[in-house]
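[1] show me how the following folds:
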Amino acid sequence: MSKLRVDLQAASRMIAGAQRILFFMHVQPDGDSIGSTLGMIRALRQMGKEAIMVGADPIPPVFHFLPGWDEYCVPWQEVEGEWDLSCFLDCGDLERVGPALPAVRRGRTTLNVDHHATNTAFAEYNYLDFSAAAVGELAYRILREIGAPIDAGTALCLYTSLVTDTGGFRYDSTGPGTHRVAADLIELGARPYDVAQAVFETESLSRLALLSRALQTLQLDETGRVAWMVVTRKLLAEAGATDHDVEGVVNYARSVAGVEVGILFKETEDGGVRVNLRSRRTVDVGAIAQRFGGGGHARAAGCTLNVPMEDAVAQVMAAVKVVL
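    Predicted coordinates:
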């Protein structure tokens with residue numbers, strides 16, 4: 001299968017020319033994956049196209065305020081027939097589709113739209129812009145390019161993509177273009193207060209219980225430049241929490257004064273370890289994650305190790321110390 005890099009115009013023509021489009025979310029979907037996908041589908045449906053979203057994991061409750069989260073999402077096992085296009089938003093590599101991978105073959109061709117510098121350009125056609133702070137920016141450009149309607153609901157979804165992947169416009173990836181798109185989306189009807197309340201100002205008791213327990217595992221290395229936490233399946237069960245409740249907890253490790261790299265080690269259901277890495281300006285954690293088959297951004301990345309927790313901590317800590 002040929003793998004071609006395409007620009008905005010070419011990617012937009014592909015979507016404009018397709019009548020039936022399958023959108024794939026990555027496993028454990030985040031606000032960028034969900035917001036950009038929901039926004040695209042809502043606008044394309046208003047153009048008369050058939051579009052649905054497919055994912056291996058459910059949409060977390062925190063994003064149930066977004067329009068279409070229940071209507072547009074279809075279990076991958078129920079996807080039938082032939083579709084014009086399988087499209088991936090915010091998916092760094094094909095394996096990130098997880099168990100939903102068999103449904104990809106339903107599309108006659110594949111389009112990959114992403115902003116991660118570690119993206120493997122795995123699709124037949126790949127629209128990649130590493131300068132974008134969120135895939136929501138790229139989705140907005142595509143919808144503008146094809147003349148799709150962007151109503152208040154679509155604007156809300158795309159704005160949520162931007163807000164979540166920039167940490168409320170705080171991360172180093174945030175640029176002038178990000179704020180220009182955000183301003184356009186607000187003018188189109190997105191309400192920043194609604195997004196902030198839903199995403200940043202509302203916590204479940206189970207997540208707070210998880211955070212309390214996770215913070216008790218916080219450790220610093222001998223230099224004080226690396227902090228890490230460990231979340232086991234037992235800890236999750238004690239807190240009554242789910243894997244989705246772990247989202248963002250790693251930021252507390254990075255927030256410690258003097259720390260340059262924050263790490264969260266989370267035990268997976270199959271006995272492996274999911275590693276989330278965050279850094280300040282001095283360390284490229286995306287490169288570290290790549291060493292273990294993962295990827296992401298320079299300041300935020302992740303990988304999965306199929307080893308016991310003790311070994312995962314030792315291996316990742318050794319890799320981080322080499323960089324430091």
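
[2] parallel or antiparallel, list what pairs with the helix-or-strand element of the chain with minimal mean pLDDT.
    One helix or strand of the chain scores below all others by mean pLDDT, DSSP states H and E: strand 295-296, with a mean of 88. Partners of strand 295-296 in the sheet, by DSSP bridges, are strand 300-305 (antiparallel).

[3] what does the partner strand rub up against?
    118, 171, 268, 272-279, 285-286, 288-296, 311-312, 315-316 (CB atoms under 8 Å, 6 or more residues apart in numbering). Glycine gets a C-beta too; all of them are placed from N, C-alpha and C.

[4] now the residue in the chain sticking out farthest from the centre, what's its secondary structure?
    Distance from the C-alpha centroid of the chain, by CA atoms, centre = their mean, peaks at Glu222 (32.1 Å). Three-state call for Glu222 (DSSP: H, G, I helix; E, B strand; the rest coil): coil.

[5] ramachandran coordinates for it?
    With angles defined as degrees, to the nearest 10, Glu222 sits at phi -70, psi -20.

[6] how close does Ala152 sit to Ile186?
    In this view, Ala152 and Ile186 are 10 Å apart by CB to CB, to the nearest Å.

[7] repeat that for Leu85.
    Distance from Leu85 to Ile186, by CB to CB: 30 Å.

[8] who's in contact with the nearest residue to Val79 once chain neighbours are set aside?
    Using CB to CB, 6 or more residues apart in numbering and skipping the chain neighbours, the partner closest in space to Val79 is Ala103 (4.6 Å). Residues near Ala103 by CB under 8 Å, 6+ apart: Leu22, Phe24, Val54, Trp76, Gln77, Val79, Ser86.

[9] ok so Ala103 is a strand residue?
    No. Counting by three-state DSSP, one finds Ala103 to be helix, located in no strand.

[10] tell me how far it lies from Met25.
    Separation of Ala103 from Met25 (CB to CB): 12 Å.

[11] need the overlap of contacts for the two.
    Listed contacts common to Ala103 and Met25 are Val54; contacts here mean CB under 8 Å, 6+ apart.

[12] so what's Glu95 closest to, chain neighbours aside?
    Here the residue nearest Glu95, using CB to CB, 6+ apart, is Leu101, at 7.9 Å.

[13] please, where are all the helices along the stretch 151-300 of the chain?
    Along the stretch 151-300 of the chain, the segments classed as helices by DSSP state H, counting those that start in this stretch run 152-165, 176-187, 192-199, 205-215, 233-239, 250-254, 285-291.

[14] pick the most buried one from those.
    Each of the helices of the stretch 151-300 of the chain was scored by mean neighbour count; the highest is helix 152-165, a mean of 26, by mean count of other CB atoms under 10 Å.

[15] give me the distance from that helix to the chain's centre.
    Here helix 152-165 is found 13 Å from its chain centre; the criterion is CA atoms, centre = their mean, to the nearest Å.
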